[in-house]
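1. Below are the sequence and a predicted model for it; my questions follow.
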Amino acid sequence: MTLENRANAVKTNDEKKQRIGKIVRGLAATYPEALCALNHESPFQLLAATILSAQCTDERVNLVTPALFSKYPAAPELALAKQDELEEIIRSTGFFRNKATNLIGMARAIVANHGGELPKTIEQLVQLPGVGRKTANVLLGTAFGIISGVVVDTHVKRISRLLGLTISENPEQIERDLMELVPRKEWINFSHRLIHHGRKICIARRPRCTECPLFANCLRVGLPD
C-alpha cells in the first residue's frame, strides 16, 4: 500500500486520536521510565550536548562531553573558549567547525543577553546560535519540564510516518501534526518514548514488527505488505 493510501486509511482526526490513545498507552507501558539519552548535569550542558548531537549519535556525544564540560562547565567559560581548542575536543562528533562556532556563539549570547542564565521560552531559545525548535523543545521539556512542543528527531520523523500519523517529510509540519493528535500532557514523554522505540524495536533497517507493542495500531506506511 502506498504512503498516501495507508495514511488515508484513517481519514479523520477523531479516528487518528482514538488510535493515538492506544499508541501513547502502548509506549508508556513499554518505556515507563524513558529519559533523555544525553548525559548532562545542568540545563546548559544539556543544551550544549543537544547542539553536538546534530548528525551524530547520542553515544558519541556522551563520549565527548566529559572532556568538554570539564573544561567548559557553564556559559561563561564556554564564551571564552578558543575556537581551535574547542574544535579539537568535539572533532569526532562531525561538522566540528560549525558546531564549535555555534557553541561559542550560543554561550556568548547567553552571557551578553540573558545574564548567563538560559532563557525559558522557545522564542528566545531559537534566537541562540545553533538552536532550532527541536533543540529548544529538548531543553525546555527535559531540563525545565516546560511543555512547548514535540521533539522531532530522525526516529520520531520516521516512526510517525510509519504509524500513519503524518505524511510530511518536514520536521516542523510533523511537529504540528503530532501536536494536534497527541494530548499536550504527553508531548514530552511521547518523544522520549518514541526515540527509545526507534532504538530498541522499530529499528530503521530491521524493524522487529512481530515484537512491537504498537503493531496492532501501526499502518506500516512504506513497509512491504
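-> Happy to help now that I have it.

2. count of neighbours near the closest residue to Val152 other than its chain neighbours?
-> Excluding the flanking residues, the one nearest Val152 by CB to CB, 6 or more residues apart in numbering is Pro171, at 4.3 Å. Glycine gets a C-beta too; all of them are placed from N, C-alpha and C. By the measure other CB atoms under 10 Å, the count of residues near Pro171 is 18.

3. what do you get for Arg184?
-> Neighbours of Arg184 (other CB under 10 Å): 10.

4. same deal with Lys200?
-> Lys200, neighbours per other CB under 10 Å, totals 12.

5. Also Ile174?
-> Neighbours of Ile174 (other CB under 10 Å): 20.

6. again, but for Thr57
-> With neighbours defined by other CB under 10 Å, the count for Thr57 comes to 13.

7. how much space between it and Ala143?
-> 21 Å (CB to CB, to the nearest Å).

8. Also Arg25?
-> Between Arg25 and Ala143 the computed distance is 26 Å (CB to CB).

9. Which of the two has more residues huddled nearby?
-> With neighbours defined as other CB under 10 Å, Arg25 and Ala143 compare such that Ala143 has more, 19 against 14.

10. wait, that one sits on Pro43?
-> Yes - counting by CB atoms under 8 Å, Ala143 does reach Pro43; the two are 3.7 Å apart.

11. any common contacting residues for these two?
-> Leu118 (CB atoms under 8 Å, 6 or more residues apart in numbering).

12. Counting neighbours, what do you get for the residue nearest to Ala74 when sequence neighbours are not counted?
-> Nearest residue to Ala74 in three dimensions, chain neighbours excluded: Phe44, at 5.5 Å (CB to CB, 6+ apart). Using other CB under 10 Å, Phe44 has 25 other residues around it.

13. so what's Phe44 scoring on pLDDT?
-> As predicted, Phe44 sits at a pLDDT of 98.

14. following the helix or strand hosting it, which helix or strand shows up next?
-> Following DSSP states H and E, one finds Phe44 within helix 43-52. Downstream of helix 43-52, the next assigned helix or strand under DSSP H and E is helix 58-71.

15. What angle do helix 43-52 and that following helix make with each other?
-> Here helix 58-71 runs at an angle of 130 degrees relative to helix 43-52 (axes from the mean of the first three to the mean of the last three CA atoms, to 10 degrees).
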